[in-house]
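> make a model of this:
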Amino acid sequence: MADWQILKELTRRLTPKKSALASLKYKLKTPARILKLGLLLGPYGAWKSPSKFFTGLNFRGLKRRVHGIDLGPLRPRLPGALLTPDKKLDAAPPVFLARLKEITAGPGDKGGADINEFALIGRRHVRSNNSWMHNTQRLMKGKGRCTVMVNPADAKNLRVSDGQRVEVSSRVGKIVLPAELTEDIMPGVVSIPHGYGHTGKGLELRIAKAHAGQSINDLTDDQIVDRLTGNAAFSAQIVKIRPAPKARK
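The predicted model follows:
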């Protein structure tokens with residue numbers, strides 16, 4: 001099933017029973033029909049311009065012209081298309097400016113009071129941009145990428161060497177993974193890639209399991225939220241780092 005089919009079926013099951021007419025409209029709603037209607041009602045469509053009723057832009061004609069259609073020079077839409085009373089973009093609403101003052105006036109979010117406290121951020125790698133890419137042998141070849149990046153100055157204070165296994169902990173959990181010393185990360189900040197942690201029961205991703213790594217979600221504190229939006233604050237939460245305890249034999 002395509003994404004739109006899945007979302008449509010979820011909507012059908014989660015929405016209270018509708019009238020027969022509403023149900024019919026719902027059944028008729030498909031991407032192709034929405035595109036057809038949009039083209040017909042658009043500025044180049046047959047319904048928008050009666051004089052172009054037989055020559056206006058339509059879905060069938062668009063599909064037939066596989067190399068595209070030249071509609072001429074772009075026509076200005078602004079500020080007419082803006083729905084604000086003053087026809088201007090509200091790029092700095094007061095609530096955002098007030099929050100910005102709070103952030104810039106504070107001590108900052110980098111690190112904590114202790115020498116082993118750091119602001120945790122995520123990262124992506126071009127060869128493991130999403131977790132499903134971890135089940136492809138060609139993309140997972142080479143040096144392991146599920147590491148915690150640490151600035152060399154911080155690593156020196158922690159007495160941690162490159163490649164050494166370290167324990168990263170937050171209020172809610174802890175994980176153990178190799179340290180990667182790099183000047184690409186600023187002091188007081190550490191970085192762990194997202195999408196790893198392929199250790200779930202019943203997991204059938206053979207290659208991904210061989211490169212399981214650790215899940216940054218195990219450190220995410222559900223009590224930390226962004227004060228402005230109320231969203232979960234996945235970035236810059238404070239974590240502690242120390243050399244991992246040696247495993248018992």
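> CA atoms for contacts and neighbours, from now on please.
OK.
> so where is this structure shaky, pLDDT-wise?
Within the chain, the ranges that satisfy pLDDT under 70 run 18, 21-22, 48-55, 106-114, 247-249.
> confirm for me that Thr220 is in contact with Val172.
Yes - when contacts are counted by C-alpha atoms under 8 Å, Thr220 is listed as touching Val172 (7.1 Å).
> higher neighbour count, those two?
Remark: of Thr220 and Val172, Thr220 carries more neighbours, 23 against 12, as counted by other C-alpha atoms under 10 Å.
> list the contacts of the more buried one.
170, 172, 234, 237 (C-alpha atoms under 8 Å, 6 or more residues apart in numbering).
> so for Leu57, what's the nearest residue that isn't a sequence neighbour?
Gly45 (4.6 Å; C-alpha to C-alpha, 6 or more residues apart in numbering).
> element containing Ile238?
Using DSSP states H and E, the secondary-structure element containing Ile238 is strand 237-243.
> I should have written Thr104 there, sorry.
In the assignment (DSSP H and E), Thr104 maps to helix 94-105.
> restricting to C-alpha, output the strand or helix carrying Arg12 in PDB.
Using DSSP H and E, Arg12 maps to helix 3-14. The C-alpha coordinates for helix 3-14 follow below in PDB (Å, rounded to 0.1, in the frame of the first residue of the first chain):
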ATOM      1  CA  ASP A   3       1.500   6.000   2.100                       C
ATOM      2  CA  TRP A   4      -1.700   7.900   1.100                       C
ATOM      3  CA  GLN A   5      -3.600   4.600   1.200                       C
ATOM      4  CA  ILE A   6      -2.400   3.800   4.700                       C
ATOM      5  CA  LEU A   7      -3.200   7.300   6.000                       C
ATOM      6  CA  LYS A   8      -6.600   7.200   4.400                       C
ATOM      7  CA  GLU A   9      -7.500   3.800   6.000                       C
ATOM      8  CA  LEU A  10      -6.200   5.000   9.400                       C
ATOM      9  CA  THR A  11      -8.400   8.100   9.000                       C
ATOM     10  CA  ARG A  12     -11.400   5.900   8.100                       C
ATOM     11  CA  ARG A  13     -11.000   3.700  11.200                       C
ATOM     12  CA  LEU A  14     -10.300   6.500  13.600                       C
END
